[in-house]
Every structure is written in C-alpha cells, then in structure tokens.
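Q: Build the 3D model from these lines:
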Amino acid sequence: MAQKRMFDKSITNNDNFVELPATAQNLYFHLSMNADDDGFIDNWKSIMRMVGSRTDDIKILIAKSYVIPFESGVIVIKHWRINNFLRKDRHVSTKYVDEMNSLELGNNEEYLLSDNSGQPLVNHWSTQNRKEENRKEKKRIEENREEEILCPAIQDCIPYSEIINYLNQITGAHYKSSSQKTKTCIHARWQEGFRLDDFKIVINKKYNEWVGTDMEKFLRPETLFGTKFEGYLNQADIKREITTKDVEKIIDWEEYLND
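A: I've put the predicted structure just below:
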C-alpha cells in the first residue's frame, strides 16, 4: 500500500464538507489515510474505535455521499480518484474486485454505484440521472455566457465612455459608449485583464494601419475590441506619415479658435 495520501480542496473546502460535524470530518480523513490504493476500506470499524468516532459519524458520511457502503461490509471513499493521483508503477490495485466491478466513474472521476451492480443506491442519484444533470448544468453555463448580464459593480469600474471617446477622437466617428453591443465587447476584454491603455494602443495601431485603406471601415468597436484584440495589441507598430486629414481629426478646432 502506498503511504502517500492526498486531499483535493474542491472536496474538503466545499461548504457541504465544512458543515459536517468535526467528528465526521475527522473520520473522513482517517478513513482516507487508511484506505488501499483504490480507496477501499474493510476495517473501518477498527478505525472508528481508534479515533473515537461515533456511529452517527459514519452514517453522516454515507448519507452525504462521502463514502459508499457495500453489502460485503467494505466501504469506498467516493471522491478517492479526485483526491489521489498515483503513478501507475506505484499503484497497487484493490483486492476487492467484485466491489470495484460494481462501480462506475462519474464525470469528475468520482466513484458511483452502477445501476447494474445490484447494490442499493445510498442517498445519491443514479448514474443516468447524474449524467443528465451534468448535461443540463453544462448547457446552463453556456447559455449564461451567451446571455451574460453585466454586473453593475463591474460596469462601474470599466471606463466605457473614456474608451469610446478616445476612439471617436482618433477616428472622427460618433460611436456611443451606451451601446450594449459595444459594452459587451469592452467588458469581455476587460474581464480578460486588458485595461484602458491597452484599448488606446489597439486604437492607435489599427488606425495607423487601416486609415486611408479599404480596412478603414473596420475602425469600429466590434472589430477593434473583438476576439482578435490581443493580437492587435501585440502586433508591431506600422509607421506612416501624418496627413492633413489626420491632424483635422485630432485637433479640436473649435477649442483652438476660441483660445
């Protein structure tokens, strides 16, 4: 039996686990430390006596689906494969072959009782229902991404107006910072870690490259701040001579004449 045992924080730091009684958590750790290399334990009663656990502790772990019991008296740590990853040359397969054959692996490499095992399901979904729930959850996440509602707190810290005003100043356009399509593009790049100076750099680079060409029509928010934003940001500067047209767009002539 390998001596090293590991615990994944996604399991042990989860609210469901933290809310377990301290004695049940303690038992979970000791069971995991004494399981074989596939997470099976046949002397769990001795371990309970050794650490002073109560009968309620093992019942809670079973009810909350942290361990799976078998009619043979053997139990298995449900999230064993999530917690532990061992090199194959150091792995000693369990001797509880019948129990192992009655399990299936979930999407997260967790143990699940197979519907064909003949074993009673202990307070958790069948494999079929779990797969269906996972499919629905994945679909829900994708839909949320597509129909993302911007958080007001995040919106407040993103300088939409400053970005669009700079674009309008450089290009002579009249885009509105309140446009939802424009805000969505800027928000997506902001969430990726890009900031105001990055937007200005991209505007400058693409203006210098595209102005006076067939590409000038693409000096617009959805193109400049789209999925190619990082590529635009990191491309080499393209030098060109400044024309009278450029100067007229950059200079605020009304302010200049009023001075």
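Q: per-domain residue ranges of this protein.
A: Domains of the chain are assigned by automatic domain parsing as 9-143, 152-258.
Q: Including mean pLDDT and mean neighbour count, could these go into TSV?
A: Where you see a C-beta, it was placed from the backbone N, CA and C, and this is true even at glycine. Shown next, in TSV, are these (pLDDT from 0 to 100; neighbours: other C-beta atoms under 10 Å):
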stretch	mean pLDDT	mean neighbour count
domain 9-143	80	15
domain 152-258	82	14
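Q: in the protein, which spans are strands?
A: 40-41, 67-69, 75-77, 103-105, 111-113 (DSSP state E).
Q: Who are the packing partners of the second one?
A: Same thing as strand 67-69. For strand 67-69, the packing partners by 3 or more C-beta pairs under 8 Å, 6 or more residues apart in numbering; DSSP states H and E come out as helix 55-63, strand 75-77.
Q: Contacts for the first one next, please.
A: It refers to helix 55-63. The contact list for helix 55-63, computed with C-beta atoms under 8 Å, 6 or more residues apart in numbering, reads 20-21, 23-24, 26-28, 31, 44, 48, 67-69, 75, 122-123.
Q: at 7 Å instead, please
A: For helix 55-63, the external contacting residues (C-beta atoms under 7 Å, 6 or more residues apart in numbering) are 20-21, 23-24, 27-28, 44, 48, 67, 69, 122-123.
Q: Likewise for the shortest one?
A: Strand 75-77 is touched from outside by 31-32, 35, 39-41, 44, 67-69, 99, 111, with contacts defined as C-beta under 7 Å, 6+ apart.
Q: And the furthest pair within the residues you listed?
A: Farthest apart among those by C-beta to C-beta are Ser32 and Glu99. That separation is 16.9 Å.
Q: Could you check how far Val97 is from Phe40?
A: Between Val97 and Phe40 the computed distance is 10 Å (C-beta to C-beta, to the nearest Å).
Q: Next: Pro69.
A: Separation of Pro69 from Phe40 (C-beta to C-beta) stands at 11 Å.
Q: which neighbours do these two share?
A: By C-beta under 7 Å, 6+ apart, no residue touches both Pro69 and Phe40.
Q: Pick the one among the contacts of helix 55-63 closest to Lys176.
A: Set against Lys176, the nearest of the contacts of helix 55-63 by C-beta to C-beta is Leu20 (53.0 Å).
Q: thought Glu99 was touching Glu71?
A: No: counting by C-beta atoms under 7 Å, Glu99 does not reach Glu71; the two are 9.4 Å apart.
Q: ok, back up a step: which of the contacts of helix 55-63 lies closest to Leu219?
A: Closest to Leu219, out of all of these and judged by C-beta to C-beta, is Leu20, at 58.0 Å.
Q: Please report phi then psi for the residue lying closest to Val74 once chain neighbours are set aside.
A: Of all residues not flanking Val74 in the chain, Asp42 sits nearest, at 5.0 Å (C-beta to C-beta, 6 or more residues apart in numbering). Main-chain torsions, Asp42, degrees, to the nearest 10: phi -110, psi -10.
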